[in-house]
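Engineer: Pasting a predicted model and its sequence here:
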Amino acid sequence: MKRAGIVGGLGPESTVDYYQSFIQKYQEGMNSKQTLPELFINSINMYNIFQYISEDRLNDLVEYVGGAARQLEDIGADFVVVSANTPHIVFDDVRKKVTIPMISIVEATYDKADELGLQNVGLLGTKFTMEHDFFKKPFQSGNKKIVTPAQEDQQFIHQRIVDELENGIVKEDTKEAFLSIVNKLIKEERLDGLILGCTELPMILKEGDVDIPLLNTTEIHVDKMVEAVFSD
């Protein structure tokens, strides 16, 4: 049985979700509550991530996240995930820092969208995820349209993620504001799916809140982790 390595702390709330969800899905796969997976978590500082990106210090970002992944490899992880969307800005370079497989949240989400037959999807996340093209590239390459909210709405979403969701705070007025932005985007762009491209967003946006499928990147990523654990 393979051992997972998780680069966590990005933020702490979603790292807890990864841990709990991974255990639950593993036990379902084993058809037993009397077993637990072996895994390692290397919790790093999400505010360093934001600083490196804001200051355009992407080489430092690669070294920081890549170093965390390498530490997991050194202590025995058989594969590694980075439990957040934003650091995937430099995922291809981070992947080169280890010799074991790394599972991309972006690639996993694209595969899920393709499986569902989605062609016109919206993307929410931190401003870094929405502004950069790392999440958009596979969708555009696969002839799928991917759209983000207006710049002002992006800034609002980012600030509420950082100030509230990253700290485990869920406010009803924030949810209502998010839904207003999303419903406007659905109407204007005729979306057939919405990517929750921040691992904290499922805290506030749930399936059924809107009339299109929500792609929960945490859940999608964890499903890929479980597949990797049971693979030969």
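Structural biologist: Looks like it came in fine.

Engineer: Please count neighbours and contacts with C-alpha atoms only from this point.
Structural biologist: OK.

Engineer: Would you map the strands across this protein?
Structural biologist: Per DSSP state E, the chain has strands spanning 4-8, 39-43, 79-82, 102-103, 120-124, 145-147, 193-196, 214-216. These are given in chain order.

Engineer: May I see these organised as TSV, with mean neighbour count, mean pLDDT and distance to Asn167 added?
Structural biologist: Rendered in TSV, the data for these read as follows (neighbours: other Cα atoms under 10 Å; pLDDT from 0 to 100; distance: least, Cα to Cα, whole Å):
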stretch	mean neighbour count	mean pLDDT	distance to Asn167
strand 4-8	25	98	15
strand 39-43	18	97	15
strand 79-82	25	98	19
strand 102-103	20	98	26
strand 120-124	22	98	18
strand 145-147	18	96	27
strand 193-196	23	98	18
strand 214-216	22	97	19
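
Engineer: Let's have those strands in TSV, adding distance to Gln27.
Structural biologist: Below are the strands of the chain laid out as TSV (distance: least, Cα to Cα, whole Å):
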stretch	distance to Gln27
strand 4-8	15
strand 39-43	14
strand 79-82	19
strand 102-103	21
strand 120-124	31
strand 145-147	35
strand 193-196	25
strand 214-216	20
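
Engineer: Run through the residues that contact the residue located most distally from the centre of the chain.
Structural biologist: In terms of distance from the mean C-alpha position of the chain, Gln34 ranks first, at 28.9 Å (Cα atoms, centre = their mean). Going by Cα atoms under 8 Å, 6 or more residues apart in numbering, Gln34 touches Gln27.

Engineer: next one: phi and psi at it?
Structural biologist: For Gln34, the backbone dihedrals (degrees, to the nearest 10) come out as phi -100, psi 30.

Engineer: Flag every buried residue along stretch 157-167.
Structural biologist: Neighbour counts using 16 or more other Cα atoms under 10 Å place Ile157, His158, Arg160, Ile161, Val162, Leu165, Glu166 of stretch 157-167 among the buried residues.

Engineer: Other residues contacting it?
Structural biologist: With Cα under 8 Å, 6+ apart, stretch 157-167 has contacts from 11-13, 124-127, 170, 174, 178, 200-201, 203.

Engineer: Going through these, which ones are buried?
Structural biologist: Buried positions within the contacts of stretch 157-167, assessed by neighbour count (16+ other Cα under 10 Å), are 11-13, 124-127, 170, 174, 178, 200-201, 203.

Engineer: Closest one of those to Leu116?
Structural biologist: Using Cα to Cα, Leu124 is the member of these that lies nearest Leu116, at 18.6 Å.

Engineer: Would you mind confirming that that closest one makes contact with Glu200?
Structural biologist: No - with contact defined as Cα atoms under 8 Å, Leu124 and Glu200 do not form a contacting pair (10.9 Å).

Engineer: Okay, Arg57 and Gly193: tell me how far apart.
Structural biologist: Arg57 sits 33 Å away from Gly193 when distances are taken as Cα to Cα, to the nearest Å.

Engineer: Hmm, I typed the wrong one, I wanted Thr129.
Structural biologist: Between Thr129 and Gly193 the distance, using Cα to Cα, works out to 17 Å.

Engineer: And for Asp117, the neighbour number?
Structural biologist: Slight slip there: residue 117 is Gly, not Asp. 12 (other Cα atoms under 10 Å).

Engineer: what do you get for Asn183?
Structural biologist: Other residues lying near Asn183 total 17 when counted by other Cα under 10 Å.

Engineer: Just give the closest residue to it, not the sequence neighbours.
Structural biologist: Setting aside the residues directly before and after it, Asn183 is nearest to Val210 in space (Cα to Cα, 6 or more residues apart in numbering), at 7.4 Å.
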